[in-house]
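Novice: Test case, fold it:
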Amino acid sequence: MSRLAVKAYCRQAMALLDVPVPCAIVTQRPRQIAVGEQAVIAVTVAESKERRLTLSRGAGRKEVVHQVRLDVYWIAADEQQGGAAFDGLLEQIDAIFRAVTIPVAIADPDSGGQSVILWIGEEITTVVDEPLLDETLQGLVVFAAQKTLAVTEHVVG
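Specialist: Numbering: from 1, shown residues only. Below you'll find the predicted structure:
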């Protein structure tokens, strides 16, 4: 059971995004980003709830329900084209997680621990912020949204 494994899986799944600008998929929200047109997606496991399914410790099963938060940013020079491209990016993210074939075996990148994702992409919440138009952005517009994915993972332990 690993927040790192879930984050790594989500990053890997989004590696197939088709965007016309540089796109960084990171596991921590960056403090600063370079000036210029780009997309940035920060993957965070915002909440996890764990419960035992069977009694035996060490060999039993546990269920971990995660709320994965995707902070999605699109920095554009043109508010109309940038807004349309941002909407397209949000749709692509939904499509990727809707199409996941489950169950999915995942592994913790640090410990190598194995687990299985049994549910992902069945509940997706999207909240879009107002575009940020600020003189300090040197004529750029920042589009932002938060997506929340419910993920259910089963682990042995």
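Novice: in this structure, which helix has the most residues?
Specialist: Looking across the chain with DSSP state H, the single longest helix is helix 79-98.
Novice: Could you pull out the buried residues of stretch 77-85?
Specialist: Residues 82, 85 are the ones in stretch 77-85 that count as buried (16 or more other CB atoms under 10 Å). The way it works is simple: take the backbone N, C-alpha and C, and place the C-beta from them, glycine included.
Novice: So which residues of this protein form helices?
Specialist: 3-14, 79-98.
Novice: With respect to residue 150, which of those helices lies nearest?
Specialist: Closest to residue 150 of the helices of the chain is helix 79-98 (CB to CB; 10.2 Å).
Novice: Quickly list what the nearest residue to residue 26 once chain neighbours are set aside is bridged to.
Specialist: For residue 26, ignoring the flanking residues on the chain, the nearest one in space by CB to CB, 6 or more residues apart in numbering is residue 42 at 5.3 Å. Judged by DSSP bridges, the bridge partners of residue 42 are residue 26, residue 71.
Novice: For residue 42, which residues are in contact?
Specialist: Shown in contact with residue 42 (CB atoms under 8 Å, 6 or more residues apart in numbering): 26, 27, 28, 29, 30, 70, 71.
Novice: where along the protein do the strands fall?
Specialist: In the chain, the segments counted as strands under DSSP state E are 23-26, 38-52, 61-76, 104-107, 114-128, 132-133, 141-156.
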